[in-house]
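Visitor: Sequence and predicted model, in that order:
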Amino acid sequence: MSRDTSDSAPLQSSAVIHEAVQTLRNGGLVAFPTETVYGLGADARNPEAIKKIFTMKGRPSNHPLIVHLAAPDKFDQTQVDWVSVLAPWVRDLSENALKLMNAFWPGPLTLVFKKDKSVLSDLTGGQDTVAIRAPAHPVAQELLRKFKGGVVAPSANRFGKVSPTSAADVRSEFEGELGLMVLDGGDCEVGIESTIIDLSSGDHAVLLRPGLITPKAIFAKTGIKVYQVGEALQDLDSLPRVSGSLKAHYAPTTPLRLYAPGRVLDALSEFPDTKSRVAVAVWDSESSLVLEDHPSIDVEEIIVSSDAATFASRLYRTLRDLDQQSWDLILFPESPAGEEWDGVRDRLQRACFGSGPPSNNHDSN
Ligand code: TXA
Ligand code: MG
């Protein structure tokens, strides 16, 4: 995925990258931009450093992390040698895995493999599989290339909260952690986390987390059919655990609800406090909702894109900004049907479920 970094993204100087590499080598944490969201990185071969990630995020230690690897330089090669890049990390690489890597790496796609025995179980949550991705963001690429190793990086937010899509978001998420190094690569272009495909269970590719890269796009580019969980007849107990699969996740502290097409007033009427201030997200393709007529509730419209990729790129930014503005309720439109909306629909549903002040959360966060 190409990225124009000339306007918003200050590419980090080589001195800063050098310092970040030293920090990782010394067992420290470095937050860095990827094209999806910002990650909180540590040396994937250092158990103490990995422990720091779980502590700083407040994440249960059985939730596995993704290993980020540098994409080798292509120069005049047409195909990258992914086999040697992956060899230290995974047990075997299928034809399908190579096809997926050649088609989508570097980019917002994470693949789950049976792990090499050298991979620390601290990072896999004790499972015998490992998730790997090669991010496309130039700052991430440079950091990984210079580090010359794997970097584990969950999204750089406290467990269960909205993922950060700018360096400022990361800083506000970890305000108390004064020593945390944050590389600034501007705003994230994709805006929601990578698509995760499980290749560890043999023949079938199984979608574990929807994202920008859809099963349809994968089929079109590689001919590989991606199954939904349950569809591929695998043993459900053997499926890897995905922390993003908790019902409550990616959540703002302001209550967030969805409304069906044209049903804003219904959604508002379910909210009994008429003195409330409510932010309502409205499709850019729709004319005004004429909410001025609503008795006493203070409603403000926020325009959101009806293009799925554009909507995704701004979703977390919008949720974070709204969360800072002391609304009593945030209303978002339900996502339209269609695979390109699956990633957004998934994040919004979980964000609703986990939203509200801490005591209102319905899950283990
Ligand atoms: O876009 C992304 O993937 C971002 C950027 C920073 O790369 N990272 C990210 O990490 O979203 P995190 O930790 O917030 O989410 C990683 C997801 C979790 O849901 C985790 O359960 C899943 O990947 N995962 C990690 N290892 C796995 C494994 N071995 N099997 C199944 N799922 C795994
Ligand atoms: Mg996360």
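Guide: Yep, it's here. Ligands and ions are numbered 1, 2, ... in the order given.

Visitor: Following the record's annotation, map out the domains of the protein.
Guide: As assigned by automatic domain parsing, the chain contains the domains 3-238, 256-354.

Visitor: check contacts around the nearest residue to Pro357 once chain neighbours are set aside.
Guide: Ranked by C-beta to C-beta, 6 or more residues apart in numbering and with sequence neighbours excluded, the top spatial neighbour of Pro357 is Thr253, at 5.9 Å. Just so you know, the C-beta spots here come from the backbone N, C-alpha and C atoms, and that holds for glycine as well. Taking C-beta atoms under 8 Å, 6 or more residues apart in numbering as the criterion, Thr253 is in contact with Asp323, Ser355, Gly356, Pro357, Pro358.

Visitor: Those: which two are farthest apart?
Guide: Asp323 and Pro358 (13.3 Å; C-beta to C-beta).

Visitor: Which of the domains of the chain comes out lowest on mean pLDDT?
Guide: Of all these, mean pLDDT reaches its minimum on domain 256-354 (a mean of 88).

Visitor: what about stretch 59-72, how long is it end to end?
Guide: 31 Å (C-alpha to C-alpha, to the nearest Å).

Visitor: Go through that stretch and flag the buried ones.
Guide: Using 16 or more other C-beta atoms under 10 Å as the test for burial, stretch 59-72 gives Arg59, His63, Pro64, Leu65, Ile66, Val67, His68, Leu69, Ala70, Ala71.

Visitor: related to what we said a few turns ago, top of the contacts of Thr253 by number of neighbours, please.
Guide: In terms of neighbour count, Ser355 stands highest of the contacts of Thr253 at 24 neighbours, by other C-beta atoms under 10 Å.

Visitor: and Leu144, which of the three is it?
Guide: At Leu144 the chain is in helix, as set by DSSP: H, G, I helix; E, B strand; the rest coil.

Visitor: And it, how far from Arg257?
Guide: 40 Å (C-beta to C-beta, to the nearest Å).

Visitor: Give me the more crowded residue out of the two.
Guide: Between Leu144 and Arg257, Leu144 has the larger neighbour count (other C-beta under 10 Å), namely 24 against 15.

Visitor: how about Gly149, what does it touch?
Guide: Residues in contact with Gly149, defined by C-beta under 8 Å, 6+ apart, are Asp43, Ala44, Arg45.

Visitor: Number of residues surrounding the nearest residue to the second one once chain neighbours are set aside?
Guide: What sits nearest to Ala44 in space, not counting adjacent residues and going by C-beta to C-beta, 6+ apart, is Gly150, at 3.6 Å. Applying other C-beta under 10 Å, we find 24 residues neighbouring Gly150.
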